[in-house]
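Asks: Sequence plus the predicted model coming up.
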Amino acid sequence: METAIKVENLSKKYRIGERLPYKTIREEIIKFFKREKKKNQQFIWALKNLSFEIKRGEVVGIIGPNGAGKTTLLKILSRITEPTDGYAEVYGRVGSLLEVGIGFHPELTGRENIYLNGAILGMKKKEIDKKFDEIVSFAELEKFLDTPVKYYSSGMYVRLAFSVAAHFEPDILLVDEVLAVGDISFQKKCLGKMETLTKEARTVLFVSHNMGAIESLCTKCIWLDKGKIVKISEDISKLIKEYVSSFFRNETSFQKKLKNEFFEVLSFNLIEKKDKPTIPVYLKNEDIGIEIELNVFEKNPRLSIGYALYENKSNVCLWWSFHVDVEPYILPCGNIILKTFIPSGLLNDGEYRIEMLAGIDGVGWILPPGNNQMVLKFIVKGGKIGSSMLSATKRPTLLFPALKWNFFKK
């Protein structure tokens, strides 16, 4: 495959602190004779020694916390700013969508700004004329086309800017997190357009905090932190798990033993479906395994062991589940292991906690809900169910059940 972007030892340094004003000759002479000491300047490396290569047609996601250097990298590749050291070679026509309304003039109308922005991106007037109706239709701004964009909301800015950039048909498209400004329906529309571009073998660099979109669209992912590359991988799912889990303390197991007259809890863990230890980050399309190891002292037909699942931030309990719900089998004496799975395609993106439950039917709780004695925490972040791009997004609901629909033509 041909090279689209090649980066070698790329670094960018910024000066921080007070910007020194221009001095007059008189002030400089006085300072010389007074022998004033210059103020120490402080600098920060936004990028430091980045090296990577992107092939033509690759869709590369760039992830990392705020201040990692993601936007600085795209600005250098867009030729908006120059690197301090190293170099970046870009082969092909570049389209950039880095900031809301960049290249727009507030006094001009939406119609006029389409031509202005298209010209800035390198489009010829004939090319803009040919694409004009398609750009306007995609942006859904027909009613406001002859209104000065200074009256546009930030969401309207994004819709028009993305539409122009996407229909510019660049060889390389650079997209920053500006899609977060638009409404949910337009974000989905933009993701669909980007998916179309990827099928046309165009090179895309996509900066986003939407891990579902990264996992669904990208063929490779670059993880940046503090201006440096942490990791580059084509195993997007694994990299996303490592990235998200880096922000959280590992809470996949509860090792403190709990003993009562009926049983002793030996372990309470989250597991993968293949019974391997896992970090507490799951994609929507993954099952979430729960394992409880007990030492049962006596057989009791009324003993129920289970868990309560909570959405952590809202503290809303989503459901209870017990080992006797489907088959009311009696736990034997001795060392036993109970396993169950939260099925994929059910939970929305978010933080969750699991509390172990135990009780004697008709008598009372041993481990009641809300006890906070035996607690596990995990995160659901990203992941796509089936082939639909809609399932890669987050919805403003507690649950996100992936339900299959059938249609019949009447």
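Replies: Now that the structure is in, tell me what you want to look at.

Asks: Could you export whichever helix or strand residue 243 is part of as CSV, CA atoms only?
Replies: Under the criterion of DSSP states H and E, residue 243 resides in helix 236-245. This file holds the C-alpha atoms of helix 236-245, laid out as CSV (Å, rounded to 0.1, in the frame of the first residue of the first chain):
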residue,chain,number,x,y,z
ILE,A,236,-8.8,-1.6,18.4
SER,A,237,-11.0,-3.3,21.1
LYS,A,238,-8.0,-4.3,23.2
LEU,A,239,-6.4,-0.9,23.0
ILE,A,240,-9.6,0.8,24.0
LYS,A,241,-9.9,-1.5,27.0
GLU,A,242,-6.3,-0.7,28.0
TYR,A,243,-6.9,3.1,27.5
VAL,A,244,-10.2,3.3,29.5
SER,A,245,-9.0,1.1,32.3
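
Asks: ok, and for that helix, which residues are buried?
Replies: By 16 or more other Cβ atoms under 10 Å, the buried positions in helix 236-245 come out as 236-237, 239-245. In this view, the C-beta of every residue, glycine as well, is placed from N, C-alpha and C.

Asks: Over to stretch 85-96?
Replies: For stretch 85-96, the buried set under the neighbour-count rule, 16+ other Cβ under 10 Å, comprises 86, 88, 90, 94-96.

Asks: what is the mean pLDDT for that stretch?
Replies: Stretch 85-96 carries an average pLDDT of 88.

Asks: Now do the end-to-end distance for that stretch.
Replies: With Cα to Cα, to the nearest Å as the measure, stretch 85-96 spans 23 Å from end to end.

Asks: so how far is that stretch from its chain's centroid?
Replies: In terms of Cα atoms, centre = their mean, to the nearest Å, the centre of stretch 85-96 is set 25 Å apart from its chain centre.

Asks: now swap in stretch 312-321 and tell me
Replies: In terms of Cα atoms, centre = their mean, the centre of stretch 312-321 is found 23 Å from the chain centre.

Asks: Of all the residues in it, which ones are buried?
Replies: Buried residues in stretch 312-321, defined by neighbour count with 16+ other Cβ under 10 Å: residue 321.

Asks: quick one: contacts of it?
Replies: 306-311, 340, 350-353, 357, 369, 377, 398-399 (Cβ atoms under 8 Å, 6 or more residues apart in numbering).

Asks: Highest neighbour count among these?
Replies: The most crowded member of these, judged by other Cβ atoms under 10 Å, is residue 307 (27 neighbours).

Asks: So which elements touch whatever helix or strand residue 351 lives in?
Replies: Using DSSP H and E, residue 351 sits in strand 350-360. Using 3 or more Cβ pairs under 8 Å, 6 or more residues apart in numbering; DSSP states H and E, the elements in contact with strand 350-360 are strand 263-271, strand 303-311, strand 316-322, strand 364-367, strand 375-380.

Asks: okay, the first one in PDB with CA atoms only?
Replies: Spelled out, it's strand 263-271. The C-alpha trace of strand 263-271 is given here as PDB (Å, rounded to 0.1, in the frame of the first residue of the first chain):
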ATOM      1  CA  PHE A 263     -21.600 -20.000  54.100                       C
ATOM      2  CA  GLU A 264     -18.200 -18.300  53.600                       C
ATOM      3  CA  VAL A 265     -17.500 -16.200  50.600                       C
ATOM      4  CA  LEU A 266     -14.100 -17.100  49.200                       C
ATOM      5  CA  SER A 267     -14.000 -14.800  46.200                       C
ATOM      6  CA  PHE A 268     -16.300 -12.500  44.200                       C
ATOM      7  CA  ASN A 269     -14.900 -11.800  40.700                       C
ATOM      8  CA  LEU A 270     -15.600 -10.500  37.200                       C
ATOM      9  CA  ILE A 271     -14.500 -12.900  34.500                       C
END
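
Asks: Residue 128 - that's part of a helix, no?
Replies: Yes. Applying DSSP: H, G, I helix; E, B strand; the rest coil, one finds residue 128 inside a helix.

Asks: how close does the residue nearest to it when sequence neighbours are not counted sit to residue 195?
Replies: Counting by Cβ to Cβ, 6 or more residues apart in numbering, residue 128 lies nearest to residue 118, which is 4.3 Å off, once chain neighbours are set aside. Computed as Cβ to Cβ, to the nearest Å, the residue 118 to residue 195 distance reads 23 Å.

Asks: Next: residue 288.
Replies: Distance, residue 288 to residue 195, using Cβ to Cβ: 27 Å.

Asks: Mind checking which of the two has more residues around it?
Replies: More crowded of residue 288 and residue 195, by other Cβ under 10 Å: residue 288, with 24 against 16.

Asks: what's the burial count for the nearest residue to that one once chain neighbours are set aside?
Replies: Closest residue to residue 288 apart from its sequence neighbours, by Cβ to Cβ, 6+ apart: residue 342 at 4.1 Å. As a burial measure, residue 342 scores 22 neighbours (other Cβ under 10 Å).

Asks: so residue 198, which of the three states?
Replies: Of the three states, residue 198 takes helix under three-state DSSP.

Asks: What about the residue nearest to it when sequence neighbours are not counted? Give its phi and psi, please.
Replies: Of all residues not flanking residue 198 in the chain, residue 59 sits nearest, at 4.7 Å (Cβ to Cβ, 6+ apart). Residue 59 adopts backbone torsions of phi -110, psi 110, taken as degrees, to the nearest 10.

Asks: Residue 217 is in contact with residue 59, correct?
Replies: Yes. Between residue 59 and residue 217 there is a contact at 5.5 Å, judged by Cβ atoms under 8 Å.

Asks: How far off centre is the helix or strand where residue 215 lies?
Replies: Residue 215 belongs to helix 211-217 when assigned by DSSP H and E. On the basis of Cα atoms, centre = their mean, helix 211-217 sits 7 Å off its chain's mean C-alpha point.

Asks: now do stretch 114-121
Replies: 30 Å.

Asks: Over to stretch 128-148?
Replies: Taking the mean of its C-alpha atoms, stretch 128-148 sits 30 Å from the chain's own mean (Cα atoms, centre = their mean).

Asks: quick check: mean pLDDT across it?
Replies: Computed over stretch 128-148, the mean pLDDT rounds to 90.

Asks: Stretch 168-178 too?
Replies: The average pLDDT for stretch 168-178 rounds to 79.

Asks: So what touches it?
Replies: Applying Cβ under 8 Å, 6+ apart, the contact partners of stretch 168-178 are 4-5, 56, 70-71, 74, 77-78, 90-100, 118, 121-123, 131, 158, 161-162, 165-166, 194, 197, 202-209.
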